[in-house]
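In: Structural data only, the sequence is not supplied:
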């Protein structure tokens, strides 16, 4: 009887450990919305092993009623970790969008060292039919000079996601 009880306790600890590991490896999804757009980022897990590659997917979804011309930089979604990524071409691109259209940006980051990293996700400045949009989450970003305030406030920005490399 004691052996059966001991086996049961060991099995329960093993299962609890597996469930905790599964919880650590659950996908992380964060999003923010403005009047016309939703910015979403998804990663497979917030916990990686040293030398693993972090795969990130960012989407910008238009949910307005009327077709629009969206003006943005290339790429329109900036994904960066530890100084990797986040750059844009200094040109304006026009993308025609209708309700439900999605722009997707995928990125990979090599995290070679142990430690904690932050995944930064934001859009570039967005204009719809020539007008800056009302953004969301830009309060998390460093404010620019007053003359750039309007374009700065036309971004969508998510709070950083903490990534741990063990």
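Out: Sure, I can see it. Since we're looking at a predicted model, the values are computed, not measured.
In: What segments of the protein are helices?
Out: All helices of the chain, identified by DSSP state H, fall at 2-24, 149-152.
In: what's near enough to touch the residue nearest to the spatial centre of the chain?
Out: The residue lying closest to the centre of the chain (CA atoms, centre = their mean) is residue 41, at 3.0 Å. The neighbours of residue 41, taking CB atoms under 8 Å, 6 or more residues apart in numbering as the test, are 29-31, 56-59, 79, 119, 121, 158, 161. For every residue, glycine as well, the C-beta is placed using N, CA and C.
In: How about it: what's its closest non-neighbour residue?
Out: residue 121 (4.4 Å; CB to CB, 6 or more residues apart in numbering).
In: gap between the one you found and residue 141?
Out: 11 Å (CB to CB, to the nearest Å).
In: Repeat that for residue 127.
Out: The value you get for residue 127 to residue 141, if CB to CB is used, is 18 Å.
In: who has more neighbours, the two?
Out: Taking other CB atoms under 10 Å, residue 127 and residue 141 do not tie; residue 127 has more neighbours (17 against 14).
In: in stretch 81-101, what's buried?
Out: 81-82, 85, 97, 101 (16 or more other CB atoms under 10 Å).
In: which residues does the closest residue to residue 68 other than its chain neighbours contact?
Out: Excluding the flanking residues, the one nearest residue 68 by CB to CB, 6+ apart is residue 128, at 4.9 Å. By CB under 8 Å, 6+ apart, the contact set of residue 128 is 36, 64, 68-71.
In: that older thread, what's near enough to touch the residue nearest to residue 41?
Out: 30, 39, 41, 56, 58, 77-79, 157-158, 161.
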